[in-house]
Structures are given as structure tokens and as C-alpha cells.
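Novice: what's the 3D shape of this:
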Amino acid sequence: MGICAAAAMLVFILAARAIRSLFGGEADTSAGVEYIKQEEAGDISAIEAKIDLLERQDAGENDERSIKEKFSGAVVIGDSIALGFEEYDVLNASSVAAEIGVHLTQMDELIAKVKDLSPGIIFIAMGSNDVTATNGDTEEFISRYQDVIDQLQKEVPDAHIFVNAVFPVQDKAVEEEPGLANIADYNAALKEMCNSKTIGFIDNTQIVSEEYFEPDGIHFKAAFYPVWAQRMAEVASL
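Specialist: Sure thing, here's the model as predicted:
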């Protein structure tokens with residue numbers, strides 16, 4: 001099977017799953033389809049492995065791999081929210097490159113770590129700190145985000161990138177920091193940027209519920225991280 005044919009088959013499988021999700025409530029695979037389109041010039045063995053996995057899943061075979069196993073070739077790069085994956089032992093340290101309080105303009109060390117890890121897939125989980133730092137200027141936010149993506153693509157050219165939406169916050173967090181009220185506008189701009197760069201955008205809004213929040217209304221409790229990890233794994237067909 002040629003690379004284009006294999007990629008086309010994988011897009012077809014994911015598209016079929018997306019149609020079924022309208023009726024069965026399965027995960028939205030649209031970001032995964034965009035990712036697979038990028039695979040057309042990629043490694044045919046990797047494409048065929050994903051086809052095999054999806055076909056086995058559709059045949060009803062259970063995927064008994066742990067979350068850590070699913071993320072063995074992936075890295076989540078981000079701020080303190082992303083760091084929870086390591087702190088709560090949901091992912092191995094080799095699958096997390098995160099730092100408390102980091103901004104999009106301060107990513108050099110984290111990107112160097114990702115380069116050393118050499119993952120096949122990178123999930124970016126940034127934004128809360130930069131929403132407040134840019135004070136409503138979504139254009140400046142997108143410019144900073146694009147710089148990070150460009151640097152990752154330069155340093156880890158064979159990796160496929162997915163961008164997580166900025167998570168919503170509770171009302172009490174907005175009362176403390178009014179700039180957080182603009183998160184929806186930032187996510188709209190972020191999604192538009194991802195579409196223009198053919199990068200998977202992961203909207204996590206539906207998986208966030210009140211019981212997952214820490215008292216600050218921004219960060220999340222341990223129970224949220226397996227849910228979030230599974231969401232990313234489904235979208236990227238890990």
C-alpha cells in the first residue's frame with residue numbers, strides 16, 4: 001500500500017468515526033483527520049500501524065494499554081496545568097515538558113527538552129498565563145503562539161502538533177483576574193490559526209465540569225487528568 005493510499009484510508013476511517021459520533025457520542029475526530037492529512041508525506045509504517053489499531057478498535061477489540069503506554073511516543077508541553085500530568089503520575093516524566101508560570105515567550109528550555117525527547121506527537125497546552133499577559137490582544141497572543149509552533153517545527157520537524165484550547169475557568173477566577181473573561185475570544189483566534197496551519201485543534205470544553213476545579217477556579221484536581229489524557233489520545237488516535 002502506498003503512502004497516499006494508506007493516508008487516504010486512515011482519513012476515511014476517522015471520518016466514518018466522526019459521522020458515528022453524531023449519533024453515538026464518541027469523541028470528535030476532526031482534529032485527528034487534519035493530523036492524518038499531514039501524514040501523506042510521512043512514514044508509511046506509522047500510518048499502517050494507526051490503520052491497524054483503528055480497525056481493531058472498530059471490530060470491538062479492547063485497547064488494554066494504559067494511558068502512559070498510549071503516550072509513550074508523545075509529549076505534552078505547557079504550563080502549570082500541563083505539569084499536573086507528571087505531578088499526579090498520570091503520564092511518565094518523559095511525556096511531559098512543563099513549567100509553572102511559563103509564558104509563550106519563555107519556551108526555549110521546554111522546547112529544548114522536547115527536542116531531546118524526540119516525540120512523534122506534541123500536544124501544546126498553554127494559554128492561561130498569556131491571556132492575562134496580553135490583556136485582550138488576541139493578535140499578540142496568536143503571534144506568540146505561532147512563534148512557539150514554528151520553533152517546535154524547526155527543532156522537531158518529524159513531530160505532529162496538536163493544540164489544546166485554553167481551558168475555561170470558574171467565575172471566581174474571573175473576579176480575581178478579569179482578563180480571563182476573554183478566554184472564548186482567544187480560543188476562537190487559536191482555532192482559526194490552527195485551521196490556517198493545518199494543525200489539530202482540541203476543544204476540551206465538554207470534558208470540563210465544576211467538580212474538577214481546584215479552589216482557585218483555574219487549576220484541576222487529579223481526577224481530571226486521565227479524562228483529559230483520554231480526550232487527547234482519542235483525537236490523535238494514540
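
Novice: strands of this structure, residue ranges please.
Specialist: With DSSP state E, the ranges of strands along the chain come out as 74-78, 96-98, 121-125, 160-164, 200-202.

Novice: a markdown table for the ones you listed, including distance to D89?
Specialist: Using the backbone N, CA and C atoms, a C-beta is placed for each residue, glycine as well. Shown next, in a markdown table, are those (distance: least, C-beta to C-beta, whole Å):
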| stretch | distance to D89 |
| --- | --- |
| strand 74-78 | 14 |
| strand 96-98 | 11 |
| strand 121-125 | 17 |
| strand 160-164 | 20 |
| strand 200-202 | 22 |
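
Novice: and these: which comes nearest R65?
Specialist: Shortest distance between R65 and the strands of the chain, using C-beta to C-beta, is found for strand 74-78: 12.7 Å.

Novice: got a list of contacts for that closest one?
Specialist: Taking contacts as C-beta atoms under 8 Å, 6 or more residues apart in numbering, the residues outside strand 74-78 that touch it are 82, 85, 91, 94-98, 102, 107, 110-111, 114, 117, 119-126, 152, 164, 232, 236, 238.

Novice: so what's K115 closest to, chain neighbours aside?
Specialist: E155 (4.4 Å; C-beta to C-beta, 6 or more residues apart in numbering).

Novice: isn't the one you found right up against I111?
Specialist: Yes - if you go by C-beta atoms under 8 Å, E155 and I111 touch, sitting 5.7 Å apart.

Novice: so which of these two has more stuff around it?
Specialist: Legend: neighbour count by other C-beta atoms under 10 Å for E155 and I111, higher for I111 (18 against 15).

Novice: confidence score at that one?
Specialist: As predicted, I111 sits at a pLDDT of 97.

Novice: ok so, going back, Serialize the strands of the chain to CSV and add fields for mean neighbour count.
Specialist: Formatted as CSV, those follow (neighbours: other C-beta atoms under 10 Å):
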stretch, mean neighbour count
strand 74-78, 26
strand 96-98, 24
strand 121-125, 25
strand 160-164, 23
strand 200-202, 23
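
Novice: what would those look like in CSV with mean pLDDT and distance to E64?
Specialist: Below are these laid out as CSV (pLDDT from 0 to 100; distance: least, C-beta to C-beta, whole Å):
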stretch, mean pLDDT, distance to E64
strand 74-78, 97, 18
strand 96-98, 97, 23
strand 121-125, 97, 21
strand 160-164, 96, 24
strand 200-202, 95, 24
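
Novice: nearest to E192, out of the ones you listed?
Specialist: Judged by C-beta to C-beta, the one of the strands of the chain that comes nearest to E192 is strand 200-202, at 9.1 Å.

Novice: run the chain-centre distance for that closest one.
Specialist: Computed by C-alpha atoms, centre = their mean, to the nearest Å, the separation of strand 200-202 from the middle of its chain amounts to 6 Å.

Novice: please name every helix or strand in contact with it.
Specialist: Under the contact criterion of 3 or more C-beta pairs under 8 Å, 6 or more residues apart in numbering; DSSP states H and E, strand 200-202 touches helix 30-38, strand 160-164, helix 183-197, helix 224-236.

Novice: mind putting these into JSON lines with distance to N135?
Specialist: Below are the helices and strands packed on strand 200-202 laid out as JSON lines (distance: least, C-beta to C-beta, whole Å):
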{"stretch": "helix 30-38", "distance to N135": "29"}
{"stretch": "strand 160-164", "distance to N135": "21"}
{"stretch": "helix 183-197", "distance to N135": "11"}
{"stretch": "helix 224-236", "distance to N135": "27"}
